[in-house]
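Undergrad: Dropping a prediction and its sequence here:
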Amino acid sequence: MRSFLETYGTAVAGLALALFFVVFAPNFAAPNNLLNVLKETSFLAILAIGFTLALITSELDLSVAEVASLAAVVTGALIQAGQSPLLAVAAGLVVALGAGLFNGIAVTRLKVPSLIATLGTAAIAKGFAFMITQGVAFVGRWPTQFTGIARGSLFGIPNLVLWLAIVAGAALFLVKCTRTGVHMTATGEADEAARLAGIATGRMKRLGLTLSGLLAGVTAVLLTASLSSAAPNMAGDYFLYAIAAVLLGMTMFEPGRANVPGTLVAALTLKVLGNGLVLMGAAYYVQDIVLGLIIIISVALSATALKKAAFKL
Amino acid sequence: MAPVLSLRGIEKSYGAVAALKGIDLDIERGEVLALCGDNGAGKSSLVRIISGAQEPSAGTILLDGEPVSFRSPQDALAKGIATIYQDLALAPRLSIVQNVFMGAELTRPLLPFLHVLDKRRMEERARGYLSRLSVAVEDMHRPVERLSGGQRQAVAISRALHWNAQVVIMDEPTAALGVKETALVLDLIRKLHAEGRTVVLISHNMADVTAVATRVAILKSGRKVIDRPVAGLDADSLAHMVMTGKEI
């Protein structure tokens, strides 16, 4: 049996951190603040769950943030041009999905290691995003039909939280309850063994990277709707946060393996940490320093799968 | 009845190097055939061809009397020939159940169009396979990396049972094992034999061969030089035959 500490240690630490802020950070426990933390968590967690699905097949997707930015400006441009929200959202999602599929093909067919392929895709997506916007941001009074996707609520629960619940639930169901999910896991755990057992490992890797792209698109739509604007670098800040969430998530529940519940709890922990630090009056750069430390310590603690993915160059 | 597998004039060349120079071999249903020979004799090439990992340069393979060609190990598996590789075929960090059912998971309908994994049935079946092999492991969710070498072989064989493989090819199954574990693996082979399955055992260990094999084929320099029943042979004379390529 794995010890309790090994499996839940960092999750408990996250809980302890939240309790610490409840006691010491002014206004942290105010309902409004907690709700905001939860909403903020949605963007990060959805993006990071995509990354998680790619990493489950042992591939890195370093393009998530840039792809999300590209999808955001595609959606923003169409909304700005007065197109229907449905078309704008679909276009953003398709672009992101296409970028993910492109990553998958580069990795499985062109045999480019994902570390390199997705960095390339990130640069390409960034270029297109600037091309579309010509470097400025789309801002406007956008139809509530569109902004409501992120700003509305249902039975008092903010839509953002609902979207996160849907994405997390679907991802967890895929990974734990379907053949496709266990084939993805087997592919990430033991590529050769999975192939010998008749699993289409290339297809699983393409699927992981494509889903990662799709969820970057979902994040982009929610972000754009929530901010009522789209800029070519709007998701850039989420890059390190998403990686940190996945890595920290790998230290809990299924140590050493990217897993959806871990990513979810880790994303929440990171947002609690950021929010608490701000409320306690810490300078903005403290967050970055803490984030970097979390990334390194997480990998040192457990992330053998990530080392495998990153170093099979 | 036709042999379960017949090889006729199998040749394999790697560039200018001829690894197999025309092998004829019949594998009878239900026998335990040991494939022996020194390094470089052609054992591995022959196994790769039977298991579907490579195609022969020339010659035919007959499965139950019908000519077949295996495009891949999965193709061979689908036709009832399972190969148990030394280490490659298991995912160390996944559980016993996940390894036994890897690539062939059981599902149950949740909705008319949506099937989900049937975890309970897989766990029961995995337990059943292992008890059929007389291997006592309580926790079916234990990662394979925490099992002994012999228990891992049992997990790999359970997978072959799940595929209902008629021919099980075992490549050096005892190579890395201690005395006790080796005994366990030999018992597994006896169990497969008792179930009427055909086993092809590739081994350097002559004591293993005399313990479980019914027949031995010895290769030397890409040719089959000896093909005879094991009965009456001891490990020493077998070792001598492998070295000299001549019957004594």
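TA: Happy to help now that I have it.
Undergrad: any idea how far B:Glu123 is from the residue positioned nearest the centre of chain B?
TA: Nearest to the geometric centre of chain B sits B:Ile169, at 1.6 Å (CA atoms, centre = their mean). Going from B:Ile169 to B:Glu123 by CB to CB, to the nearest Å gives 27 Å. Quick note: C-beta positions are derived from backbone N, CA and C, even for glycine.
Undergrad: quick revisit: let me know the next secondary structure element after the strand or helix carrying the residue nearest to the centre of chain B.
TA: In the assignment (DSSP states H and E), B:Ile169 maps to strand B:167-171. As assigned by DSSP H and E, the chain's next helix or strand after strand B:167-171 is helix B:179-194.
Undergrad: Counting neighbours, show which residues of that next one come out buried.
TA: Residues B:Glu181, B:Thr182, B:Leu184, B:Val185, B:Leu186, B:Asp187, B:Leu188, B:Ile189, B:Lys191, B:Leu192, B:His193 are the ones in helix B:179-194 that count as buried (16 or more other CB atoms under 10 Å in any protein chain shown).
Undergrad: Which other helices and strands does the helix or strand just after it contact?
TA: Counting by DSSP H and E, the next helix or strand C-terminal to helix B:179-194 is strand B:198-202. Under the contact definition 3 or more CB pairs under 8 Å, 6 or more residues apart in numbering or on different chains; DSSP states H and E, strand B:198-202 sits against strand B:32-36, helix B:43-50, strand B:167-171, helix B:179-194, helix B:206-212.
Undergrad: In JSON lines: the ones you listed, plus distance to A:Ala242.
TA: As requested, the helices and strands packed on strand B:198-202 are exported to JSON lines (distance: least, CB to CB, whole Å):
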{"stretch": "strand B:32-36", "distance to A:Ala242": "52"}
{"stretch": "helix B:43-50", "distance to A:Ala242": "43"}
{"stretch": "strand B:167-171", "distance to A:Ala242": "43"}
{"stretch": "helix B:179-194", "distance to A:Ala242": "45"}
{"stretch": "helix B:206-212", "distance to A:Ala242": "53"}
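Undergrad: how deep is A:Ala186 tucked in, by neighbour count?
TA: Counted with other CB atoms under 10 Å in any protein chain shown, residues neighbouring A:Ala186 total 27.
Undergrad: Enumerate the residues of chain B near chain A.
TA: Within chain B, the positions near chain A by CB under 8 Å from any CB of the partner chain are B:73-74, B:77-78, B:83, B:85, B:88-94, B:98, B:102-105, B:107, B:115-117, B:159.
Undergrad: Narrow these to those in strands?
TA: If you go by DSSP state E, those have B:Thr83, B:Thr107, B:His115, B:Val116, B:Leu117 in strands.
Undergrad: Check the gap between A:Leu78 and A:Ala71 for me.
TA: 11 Å.
Undergrad: got it, and A:Gly181?
TA: A:Gly181 sits 25 Å away from A:Ala71, going by CB to CB.
Undergrad: can you check B:Lys119 too?
TA: According to CB to CB, B:Lys119 and A:Ala71 sit 36 Å apart.
Undergrad: With neighbour numbers in mind, choose between those two.
TA: The neighbour comparison of B:Lys119 against A:Ala71 (other CB under 10 Å) goes to A:Ala71, with 34 against 19.
Undergrad: From chain A, how far off is B:Ser69?
TA: With the distance defined as CB to the nearest CB, to the nearest Å, B:Ser69 ends up 18 Å from chain A.
Undergrad: make that B:Lys246, sorry
TA: According to CB to the nearest CB, B:Lys246 and chain A sit 37 Å apart.
Undergrad: neighbours around that residue, how many?
TA: B:Lys246 has 11 neighbouring residues, counting by other CB under 10 Å.
Undergrad: Quick one: residues contacting it.
TA: Neighbouring residues of B:Lys246 by CB atoms under 8 Å, 6 or more residues apart in numbering or on different chains: B:Val225, B:Ile226.
Undergrad: mind checking which helix or strand it is in?
TA: Per DSSP H and E, there is no helix or strand for B:Lys246.
Undergrad: Include distance to A:Gly281 and mean pLDDT when you put the helices and strands packed on strand B:198-202 into JSON lines, please.
TA: Listed next are these as JSON lines, based on distance: least, CB to CB, whole Å; pLDDT from 0 to 100:
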{"stretch": "strand B:32-36", "distance to A:Gly281": "75", "mean pLDDT": "94"}
{"stretch": "helix B:43-50", "distance to A:Gly281": "67", "mean pLDDT": "89"}
{"stretch": "strand B:167-171", "distance to A:Gly281": "65", "mean pLDDT": "92"}
{"stretch": "helix B:179-194", "distance to A:Gly281": "62", "mean pLDDT": "90"}
{"stretch": "helix B:206-212", "distance to A:Gly281": "72", "mean pLDDT": "92"}
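Undergrad: do you know which of these lies nearest B:Gly9?
TA: In terms of CB to CB, the element of the helices and strands packed on strand B:198-202 nearest to B:Gly9 is helix B:43-50, at 12.1 Å.
Undergrad: Heading C-terminal from the closest one, find the next helix or strand.
TA: Downstream of helix B:43-50, the next assigned helix or strand under DSSP H and E is strand B:58-63.
Undergrad: That next one packs against which elements?
TA: Using 3+ CB pairs under 8 Å, 6+ apart: strand B:58-63 touches strand B:5-14, strand B:66-68.
Undergrad: And the first one, how far out from the chain middle?
TA: This means strand B:5-14. Centre-to-centre, strand B:5-14 and its host chain are 18 Å apart (CA atoms, centre = their mean, to the nearest Å).
Undergrad: now do the last one
TA: Here strand B:66-68 shows a centroid-to-chain-centroid distance of 20 Å under the convention CA atoms, centre = their mean.
Undergrad: what lines up beside it in the sheet?
TA: In the sheet, strand B:66-68 lines up against strand B:58-63 (antiparallel) (DSSP bridges).
Undergrad: in the strand it pairs with, what's buried?
TA: Buried-residue list, strand B:58-63, by 16+ other CB under 10 Å: B:Gly59, B:Ile61, B:Leu62, B:Leu63.
Undergrad: quick one: which of those residues is nearest A:Val12?
TA: The shortest gap between A:Val12 and any of the buried residues of strand B:58-63 belongs to B:Leu63, at 57.1 Å (CB to CB).
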